[in-house]
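A.B. asks: can't give you the sequence, but here's the structure:
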Ligand code: SF4
């Protein structure tokens, strides 16, 4: 914390508390592997505002792009992980789970998938994806959330498990909505094509400079490569396309 920030703040206890809390969140993220630094993870393929450049930076130069997630994003992750832990505890203690957070690897796509659990549900092997959302969004939810559906499709492709259970919890009132979905190759292919593009860029050391739509849609402040992407000489990392 800068002395200037501390001295000019009208709410010193909040500044001190937030600084300590943010430092703790960074340590927590490091220990939890929130940044998922070692191998490409399937969940990176399903973003609504997928950025090819971000995915390539993730792979091409992870050690040079350690900007990290902002504290608010880490804090939101933490809330989601706490909800995951509750349902995973339920699976474990009721013997529903075959695996919890087991890593699966696709050699062809060089991608890791980590479903929240693999269950025996209604006598079928089933991927479980657990999501939490605010009460307003939860109230409007009629079908499985798009991001959960997409993530389940790519997980089902990688694991060859044909159905998924999407469990959504309301962060405000802890109500549940549960959706059972089936594998759909056409839907999975969209994400597999993204992975192919990333692999081509990585192989040929190409950084595909995007239109940087993140500035308009608000994703820039959440992107862990935001400093590298906007303020660094990208030619030091690869060929620019
Ligand atoms: S800062 Fe924006 S353009 Fe750059 S990698 Fe991140 S999302 Fe993509």
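C.D. replies: Here it is on my side, so go on. Treat the numbers as computed from the prediction; the structure is a model and nothing was measured.
A.B. asks: domain-wise, how is the chain divided?
C.D. replies: Using automatic domain parsing, the domain parsing of the chain gives 1-32, 38-240.
A.B. asks: report the buried residues of the shortest one.
C.D. replies: What it means is domain 1-32. By 16 or more other Cβ atoms under 10 Å, the buried positions in domain 1-32 come out as 15, 25, 29. Every C-beta, even on glycine, is put in place using the N, C-alpha and C of the backbone.
A.B. asks: of the domains of the chain, which stretch is the most buried?
C.D. replies: Ranked by average neighbour count under the criterion mean count of other Cβ atoms under 10 Å, those are headed by domain 38-240 at a mean of 16.
A.B. asks: just put the buried residues of domain 1-32 in JSON lines and tack on distance to residue 141, secondary structure and pLDDT.
C.D. replies: Conversion of the buried residues of domain 1-32 to JSON lines gives the following (distance: Cβ to Cβ, whole Å; DSSP: H, G, I helix; E, B strand; the rest coil; pLDDT from 0 to 100):
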{"residue": "15", "distance to residue 141": "37", "secondary structure": "helix", "pLDDT": "84"}
{"residue": "25", "distance to residue 141": "28", "secondary structure": "helix", "pLDDT": "91"}
{"residue": "29", "distance to residue 141": "28", "secondary structure": "helix", "pLDDT": "83"}
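A.B. asks: how about the helix or strand containing residue 54 against the ligand, any contact?
C.D. replies: Secondary structure from DSSP states H and E places residue 54 in helix 52-60. Yes. On the criterion Cβ under 6 Å from any ligand atom, helix 52-60 is in touch with the ligand at 53-54, 57.
A.B. asks: so what secondary structure elements neighbour that helix?
C.D. replies: Counting contacts by 3 or more Cβ pairs under 8 Å, 6 or more residues apart in numbering; DSSP states H and E, helix 52-60 is packed against helix 185-203, strand 206-207, helix 226-231.
A.B. asks: quick one: contacts of it?
C.D. replies: Helix 52-60 has contacts (Cβ atoms under 8 Å, 6 or more residues apart in numbering) with 40, 44-45, 65, 194, 197-198, 201-202, 205-210, 212, 223, 225, 228-229, 237-238.
A.B. asks: switch to 6 Å and redo it
C.D. replies: Around helix 52-60, the neighbours that count as contacts under Cβ atoms under 6 Å, 6 or more residues apart in numbering are 40, 44, 65, 198, 201-202, 207-208, 210, 223, 225, 238.
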